[in-house]
Every structure is written in structure tokens, then in C-alpha cells.
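> Attaching a predicted model along with its sequence, questions to come.
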Amino acid sequence: MAKGIGGLGNLFEQAQELQKRLAKIQEDVASLTVEATAGGGMVTVVMNGKLEVVRVTIDPQVVAAGDVEMLEDLVRAAVNQAIRKAQELVANEMRKVTGGLKLPGFSF
């Protein structure tokens with residue numbers, strides 16, 4: 001019976017180690033960025049791995065046109081694309097650590 005408990009302890013240690021590695025990856029990807037554009041580059045959004053918008057660049061011609069609705073659509077499209085890219089970036093980094101293993105509590 002003691003042997004079984006030792007195996008369980010080893011499994012617990014491995015789980016803790018994996019959790020530490022996952023936390024490190026999450027910290028590391030926070031400093032990585034992705035870039036997404038809409039309207040042929042009229043709007044550019046840079047987002048980090050924490051899904052935070054780092055920068056938004058809008059071509060002055062879009063503003064000069066005065067079409068607020070189009071500008072809103074372009075910003076929304078660029079932000080949504082940046083979110084998808086950042087999520088994919090995080091998922092790829094997590095897969096490197098987990099070997100594709102799906103873990104509860106981690107969305108990737």
C-alpha cells in the first residue's frame with residue numbers, strides 16, 4: 001500500500017511541475033505580440049498574449065473620410081482578428097509544454 005501512495009506523491013509532484021511550467025509559459029507569452037489589420041491596412045491592432053490591446057493605428061485617410069461607421073467596423077474587425085491570433089499564439093505555446101494534453105482550467 002505504501003508503494004501506491006509513493007506513486008501518487010510522484011504524480012502530484014509531476015502535476016505541480018507542469019502547473020509551474022504552464023504559469024511560466026503564460027507569463028512569457030504576455031510579452032509576445034501579434035498584429036492584425038483590417039481594410040487593407042487602414043486599421044492595425046497590436047495585442048499581447050494576455051489579450052490586451054497594446055496599440056491601435058488608424059490611417060488618417062479613414063478619419064478624414066468622416067465615415068464613423070466604417071471606422072468602427074474596421075477597428076472591430078482588426079481587434080477580433082488580433083484576439084484570434086493571440087489565442088492561437090498562446091495555444092501553440094501551451095501545446096509545447098503539454099504535448100497537446102487538454103487540461104481543465106486552461107483555455108487554449
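Sure, I can see it.

> what are the ranges of the strands in the protein?
33-38, 43-48, 53-58 (DSSP state E).

> quick one: average confidence on the first one?
Strand 33-38 shows an average pLDDT of 97 in the prediction.

> Share the number of residues neighbouring Lys50, please.
14 (other CB atoms under 10 Å). Using the backbone N, CA and C atoms, a C-beta is placed for each residue, glycine as well.

> same question, Leu74
Other residues near Leu74 come to 22 when the count uses other CB under 10 Å.

> about what we covered before: point out the most buried one among the strands of the chain.
strand 43-48 (a mean of 21; mean count of other CB atoms under 10 Å).

> contacting residues around that one?
Outside strand 43-48, the residues within contact range by CB atoms under 8 Å, 6 or more residues apart in numbering are 29-37, 53-59, 62, 71, 74-75, 77-79, 81-83, 85-86.

> one step back: would you tell me which of the strands of the chain gets closest to Ala15?
Taking CB to CB, strand 43-48 is the member of those nearest to Ala15, at 27.9 Å.

> which neighbours does the closest one have in its sheet, and in what orientation?
Strand pairing for strand 43-48, determined by DSSP bridges: strand 33-38 (antiparallel), strand 53-58 (antiparallel).

> now those as a markdown table including distance to Met94?
Converted to a markdown table, these look like this (distance: least, CB to CB, whole Å):
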| stretch | distance to Met94 |
| --- | --- |
| strand 33-38 | 15 |
| strand 53-58 | 21 |
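
> what's the closest of those strands to Lys96?
For the strands paired with strand 43-48, proximity to Lys96 was assessed by CB to CB; strand 33-38 is nearest, at 16.9 Å.

> relative to strand 53-58, how tilted is the longest helix anywhere in the chain?
The longest helix of the chain (DSSP state H) is helix 68-98. Orientation check (axes from the mean of the first three to the mean of the last three CA atoms, to 10 degrees): helix 68-98 against strand 53-58 gives 150 degrees.
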